[in-house]
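> generate coordinates for the sequence data below:
(2 chains)
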Amino acid sequence: MNEWNAASLQVAWQRLISIADEMAAGLLHSAFSAVVRESNDLACALLSPRGDLLVEYSRSVPVFTGILSRAARSMIETVGAETLRPGDVLAMNDPWHGNTHLADLTVVTPIFHRGELIAYAASICHLSDIGGASEGAFAYDVYEEGLAIPPLKLISEGKTDDLLMRLIERNVRLPQMVIGDIHALVAANEIGARRLTDLLDESAGFDLAGVTERIGAVSEDAMRRAIAEVPDGRYVGMTRIDGFEEPKEIHVAIEVSGDRMRVDFAGTSVQSERGINSASTSGAYTLYSLKCLLTPDIPNNAWTYGPIDVVIPPGSLLNPSPPAAVSANFPAHTIQGALYDALREAMPEAVMAPSGAPFWVLAMRGNNAEGSFGGMVAFNGGQGALREHPGCSCLSMPSNVSNTPIEVTEAELPLIYERKAVARGSGGEGSWPGGDGQEVVMRSLHDEAITVTCLTERIENPAAGISGGGPGTPGTLLLDGDPVAEPKGRFKLGPGGKITLRTPGGGGYGPVR
Amino acid sequence: MQLSFDIGGTFTDVVLLDESTGRTWLGKTLTTYDDLSRAVSTGISSLLEASGSEPTAIDRPVIGATTLVTNALIERSAPPTALITTRGFADLIEIGREWRYDIYDLRLRFPEPLVPPGLRLELTERLRADGAVDVPIELDELEGAVTALREADVRSVAVCFLNSYVSDVHEEMVAERLQELAPDLMVTTSSQLAPEIREYERIITAVANAYVRPIAGEHFRDIEEAFESAGVEQPLLLMQSNGGITDTRLAGRFPIRLLESGPAAGALAAAYWGRRLGVEDLMAFDMGGTTAKVCLVESGRPTLARSFEVARVHRHKRGSGMTVRVPVIELLEIGAGGGSIAALDDVGLLGVGPRSAGSEPGPACYGRGGAKPTVTDADLALGYLDPDYFLGGRMRLDPDAARAVIEAELADGFGGDPREAAIGIVTVVEESMAAAMRIHATEHGRDPSDYAVLAFGGAAPVHAVSVSRRLGVSEVIIPASAGVLSAGGLQVAPPITDVVRTRIMPVAGWNPGEVASICHDLRAQALEQLGPMAGDRVTFQVSADMRFRGQGFEVEVSLPQLVEVAVSNGAGPVPDAAEADRLFRDRYEQLRGSVPPAGEAEVVAWRLSAVGEWEEPSLQARSEEHDGEGAAVVGKRDAWFPSTGVTEATIYDHLALKPGDSGSGPAIVQQPESTAVIGPDDSFTVDEHLNLRVSVGKGEPR
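Here you go, the predicted model:
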């Protein structure tokens, strides 16, 4: 099949997407990590033989699909494409090989058909644990953050690397669940590999290389046309966040010239001494945020971003030099706000005010009669407003991590919620108001102290409004009624102790009328 | 004689069956939204007249399916309802799950909560995850709540407390006290309706039930009055989404279980015919004007899902509706039917649906002003439909209009070739059905080629053979009368009730005594719900939702041994831990492909399904018009097929075919209600019930 028309390309494209969807269904149903199964913190994709993202599970977490191409290419290059054999599976969690942070594992499986490497299946998700201080922001370097796995063959021609598995088992707090998570990732890729080879066997005319080329061309062309509609010019924007040891600023200049766009983060604060730096996730959130404005309806792939150059100064918060700590890379979530601030006049119909992002996380650990227990709970803030669209309350933006049901948390951890409510009025004022954050009160039922690691933001610096809209209300984190001294640190929650938190509201759009 | 009706979204069907002869009369009228019972009333009178029967000849209960519940939740047409929940948590109904169903769409919309802010009432109480009381309940606060409800004229309320899936003690206390304070108030407790973990879904389910309850009661009374005035002296039974029937007493308590009851009847009919024909594993494929529906039938029974998403509010997207936890025949819905509009998108790709031209103006070929190309237009342009024999000749189609609109709107995407564009429409629509069916089968741990396809409903027989070829399916069954087939679904539905109990039990801590007692309690609850429908011979099925500890999704494992335990009040032998573990691992491997290297199995919930005493009637597949008279071959027509291009096909009249007749493709078999398209590599025979049995050849995929 050499000629594509409006139907044949659609059909071929959809078949590939449905393979990624099926991989994700497998991963979701078999993962052990609570944030995967309850909060959908995962991505699945098929990649081209060069490692470029071809199709993704349509509800993937944006940052994951944004890093997959680079991560996979780095893995293939490190291991050596020429060494790949049927039955091999690659794994890696190294931020300087394109991964997000140590807690997420990227697994890439080469797919062979009639002896030829035709594609890769790739999956990534949060593991139940990776040792170290991986769930906090307080580490000083990446070595404190847990076990790093460079690009390796986890499985060689069907044989699992027992040495690697034993090392992982000994270095994590929940070995049985982590092994289950890894098994789920490998199994998801197997589904992808099997479905793709089945497709090629059943449909003799299915031209994978041809469809890849067409998908790429169509997607890139659509992006070029969308950029061409944005008036040429240089647009600047920024956002300010709490940071760790000091407030940090993200500055961005977007140059639109014809059908190309150059995004430069010059002027962004230097990297932090602690774990809030963002390595590969910065580029991912930049491209994701721009796609939402420019080509939201076209299925995501690597070619979409051909016309966009992203420059991030080395040594900055968004491109730290090793061995920076990167575990709590959440400041990257606020890139969306800075980009839209820059484009507020060029694309007034499309941009959104900053959201009460990043989402907050409390990770709990303790010991009981059966050994140790642990778990993480996520809380989202309010969405920023758009023109004609007030922000939604308590909505995960720009990430896509749902809440963990209260009953699931209470069944797994010795905690009880006393309140979970919309923090009314916490969204910024405006012609269209920002979405509200939430207020949560929880109490320990444990007879010993629970160690709580917290990841919060926008307690000092709210989500700003846009085009005259007001800022959202900043968040608060209280322990037994008093503000927590280190809201990106750890504290002990005593028996009967109470945590009260309010997540930040989203910014408003336009002046109050 | 037996009477049944299906009040659907567009049409209300009424069916009269004479069991002694198998003769069936069908009546179809437009659904009357101002009073849904009126179309039933009209239908009964006209069928009694057509059949020359007296109303007293109807000597079995009348069985009905109704769109009332679905429609009320979409249209928000019912009066306001209220929620009583744990203090501190009134907003959960609004917060939802905090996630986005489309990551690239910044302007998502979510359903407006069914309960307005002023009617979300909080009560002081709190249970812990183990069922222990953390905060004692303050029942006195209910007096103020009742006053508030009276002032707002609320007649129905949902009660949902946190952790009530573990212990119903507080919800039951509230129900009891409300009964004293306000005897007329209808109370839905979440622990009775859906005692399953995850509070948001349970609240939504309880609230949706409370919301539709008052109008459901009125609806049933209206229908009963319609019977009365027609002189029909039989009680009303209702079809539930789980494929079982129930009486108005139970349906009045749990009307949310009537969601999607009409489509469930079609699936039941397909399963029935599968059993009659000895084809126990099949995919029932129904394609109407705006959507197509697929249901898997395994071992003669439609598969069940445990939740259903209703009333999507944003671009028909999955995730934009409300997910209620009720057992429902698993119907996969695809937003593509005969009236679905085909259009080129921003990047020049062809999309079909979910927008539909409906019946007004309808496809361009209807000649009623439709200016967008649809699937039906493509079917006509490719020669599959006879312009002079649509709906049995009751309507003439305009092929030139179809071709013109396809050319004008779509030819750009096909190098200017309108025929390629028509082929494109059919290809896209068939591929999207095949994709959905493929995923559906694999989710059940099966290969789609394991099944036969049974195709019914206007557009399905046109596309079923080609869709089947894409799936590697080798047999397609096309009934003589799709209308007669789906109407029969209501008559072959047994009384069923499904009950569930959440009790997490690791296999390592397997407690046979407790397992026996759970089974026994579930049986008692099911028998209470069945009431008089139980009869003298109830059959049970018991299963457990199991997973590896730490996972969040369960696998349903059938535990047939526990049936004996349930029936004998705990006396039967409870399977031991090793047996439960083995059954789980086998099922897990079948569904998911492989079992994790380590992990402990646990049960999360226990389910019991009870079927009341019931005798399956014997249905007939043929319609009144099917006389086997006249010439079977009525002509030749050019039609397009993927392997041979435009080819002359033989046209058959299904009404004139006789058992044992056979033929080979390319062929087009016309029925008054539909048209079956059979390709050059396929052949067909006619079975004793006058169904077409198509043997699907390999052919060439498009």
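
> quick check: B:Ala580 touching B:Glu600?
No - look at B:Ala580 against B:Glu600 with Cβ atoms under 8 Å: they stay out of range, at 11.9 Å. In this view, the C-beta of every residue, glycine as well, is placed from N, C-alpha and C.

> more neighbours: which of the two?
B:Ala580 (24 against 14; other Cβ atoms under 10 Å in any protein chain shown).

> distance of that one relative to chain A?
Going from B:Ala580 to chain A by Cβ to the nearest Cβ, to the nearest Å gives 20 Å.

> for the residue nearest to that residue when sequence neighbours are not counted, give me phi and psi.
Among residues not flanking B:Ala580 along the chain, B:Val507 sits closest, at 5.6 Å (Cβ to Cβ, 6 or more residues apart in numbering or on different chains). With angles defined as degrees, to the nearest 10, B:Val507 sits at phi -60, psi -30.

> now swap in B:Ala610 and tell me
Dihedral angles (degrees, to the nearest 10) for B:Ala610: phi -120, psi 130.

> picking up where we left off before, okay, now the residue nearest to B:Ala580: neighbour count?
Each residue near B:Val507 was counted by other Cβ under 10 Å, and the total is 19.

> verify the stated contact: it with B:Val604.
No - the pair B:Val507 and B:Val604 fails to qualify as a contact (Cβ under 8 Å) at a distance of 11.8 Å.

> what does the nearest residue to B:Leu382 once chain neighbours are set aside show for phi and psi?
Of all residues not flanking B:Leu382 in the chain, B:Trp640 sits nearest, at 4.4 Å (Cβ to Cβ, 6+ apart). Reported as degrees, to the nearest 10, the phi and psi values for B:Trp640 are phi -100, psi 130.

> wait, B:Trp640 sits on B:Ala649?
No - between B:Trp640 and B:Ala649 there is no contact under Cβ under 8 Å: 9.6 Å.

> okay, the two: which has more neighbours?
Shown here are B:Trp640 and B:Ala649; by other Cβ under 10 Å, B:Ala649 has more neighbours (25 against 19).

> how about that one: what's its closest non-neighbour residue?
B:Pro666 (3.9 Å).

> okay, now that neighbour: neighbour count?
By the criterion of other Cβ under 10 Å, B:Pro666 has 23 neighbours.

> same question for the one 10 residues further on.
The tally of other residues near B:Ala676 (other Cβ under 10 Å) stands at 24.

> can you check B:Thr29 too?
Residues near B:Thr29, counting by other Cβ under 10 Å: 16.

> name the element it belongs to?
strand B:23-30 (DSSP states H and E).

> pairing partners for that strand, with directions?
strand B:11-18 (antiparallel) (DSSP bridges).

> ok now the partner strand, how far from the chain's centre?
With Cα atoms, centre = their mean, to the nearest Å as the basis, strand B:11-18 stands 19 Å off its chain's centre.

> what sits against residue 487?
In the absence of a named chain, chain A is used. Counting by Cβ atoms under 8 Å, 6 or more residues apart in numbering or on different chains, A:Pro487 touches A:242, A:454, A:456, A:459, A:477.

> correction: the question concerned chain B.
Contacts for B:Ala487 (Cβ under 8 Å, 6+ apart) come out as B:4, B:6, B:13, B:15, B:24, B:26, B:269.

> ok, so of those residues, who is nearest A:Ala31?
B:Ala269 (38.8 Å; Cβ to Cβ).

> grab the nearest non-local neighbour of the closest one.
Nearest non-adjacent residue to B:Ala269 (Cβ to Cβ, 6+ apart): B:Gly489, at 3.3 Å.

> was I right about the one you found contacting B:Ala267?
Yes - the criterion here is Cβ under 8 Å, and B:Gly489 meets it with B:Ala267 at 7.2 Å.

> before we move on, the earlier item: which phi and psi does the residue nearest to B:Ala649 have?
Taking degrees, to the nearest 10 as the convention, B:Pro666 sits at phi -70, psi 130.

> ok, it - contacts?
So B:Pro666 contacts B:639, B:641, B:644, B:647-650, B:678-680 (Cβ under 8 Å, 6+ apart).

> highest neighbour count among those residues?
Counting by other Cβ under 10 Å, top hit in the contacts of B:Pro666: B:Ile678 with 30 neighbours.

> and that residue, how far is that from chain A?
22 Å.

> what's near enough to touch the residue in chain B sticking out farthest from the centre?
Within chain B, the residue lying farthest from the chain centre (Cα atoms, centre = their mean) is B:Asp140, at 42.6 Å. Applying Cβ under 8 Å, 6+ apart to B:Asp140 gives no contacts.

> just to check, B:Ser558 is in contact with B:Phe540?
No - using Cβ under 8 Å, B:Ser558 is not in contact with B:Phe540, being 11.7 Å away.

> for the residue nearest to B:Leu559 when sequence neighbours are not counted, the count of nearby residues, please.
Excluding the flanking residues, the one nearest B:Leu559 by Cβ to Cβ, 6+ apart is B:Val542, at 5.2 Å. B:Val542: 24 surrounding residues under other Cβ under 10 Å.

> again with the one 10 residues further on
With neighbours defined by other Cβ under 10 Å, the count for B:Gly552 comes to 22.

> and A:Val377, what does it touch?
A:361-364, A:403-404, A:409.

> and A:Ala20, by the same measure?
A:Ala20 neighbours (Cβ under 8 Å, 6+ apart): A:44-46, A:55-58, A:192.

> show me what A:Arg365 is bridged to.
Counting by DSSP bridges, the residues bridging with A:Arg365 are A:Gly374, A:Thr451.

> correct me, but it touches A:Leu413?
No - with contacts defined as Cβ under 8 Å, A:Arg365 does not count as touching A:Leu413, sitting 9.6 Å away.

> residues bridging contact with those two, i.e. touching both?
By Cβ under 8 Å, 6+ apart, the residues touching both A:Arg365 and A:Leu413 are A:Phe373.

> who has more neighbours, the two?
Neighbour count, other Cβ under 10 Å: between A:Arg365 and A:Leu413, A:Leu413 has more, with 24 against 18.

> wait, the more buried one touches A:Ala363, no?
No - contact criterion Cβ under 8 Å: A:Leu413 and A:Ala363 do not qualify, at 10.4 Å.

> any common contacting residues for these two?
Contacts common to A:Leu413 and A:Ala363, judged by Cβ under 8 Å, 6+ apart, are A:Gly375.

> and B:Phe285, helix, strand or coil?
Of the three states, B:Phe285 takes strand according to DSSP: H, G, I helix; E, B strand; the rest coil.

> wait, what's in contact with the residue nearest to B:Ala580?
B:577, B:580-581, B:584, B:600-603.

> quick check: residues of the stretch 101-250 of chain A near chain B?
Counting by Cβ under 8 Å from any Cβ of the partner chain, the positions of the stretch 101-250 of chain A adjacent to chain B are A:128, A:174, A:176-177, A:179-180, A:183-184, A:187, A:190-191, A:202-203, A:205, A:218-219, A:221-222.

> again, only using 7 Å
The stretch 101-250 of chain A has residues A:176-177, A:179-180, A:183, A:187, A:203, A:218, A:222 near chain B, with proximity defined as Cβ under 7 Å from any Cβ of the partner chain.

> now do the contacts for A:Gly425.
A:Asp436 (Cβ atoms under 7 Å, 6 or more residues apart in numbering or on different chains).

> how far away is it from A:Asp436?
7 Å (Cβ to Cβ, to the nearest Å).

> how about B:Arg198?
With Cβ to Cβ as the criterion, B:Arg198 and A:Asp436 are 23 Å apart.

> what of A:Gly428?
10 Å.

> now do B:Thr66
From B:Thr66 to A:Asp436 the distance is 39 Å (Cβ to Cβ).

> and if you look at B:Ile329?
Going from B:Ile329 to A:Asp436 by Cβ to Cβ gives 39 Å.
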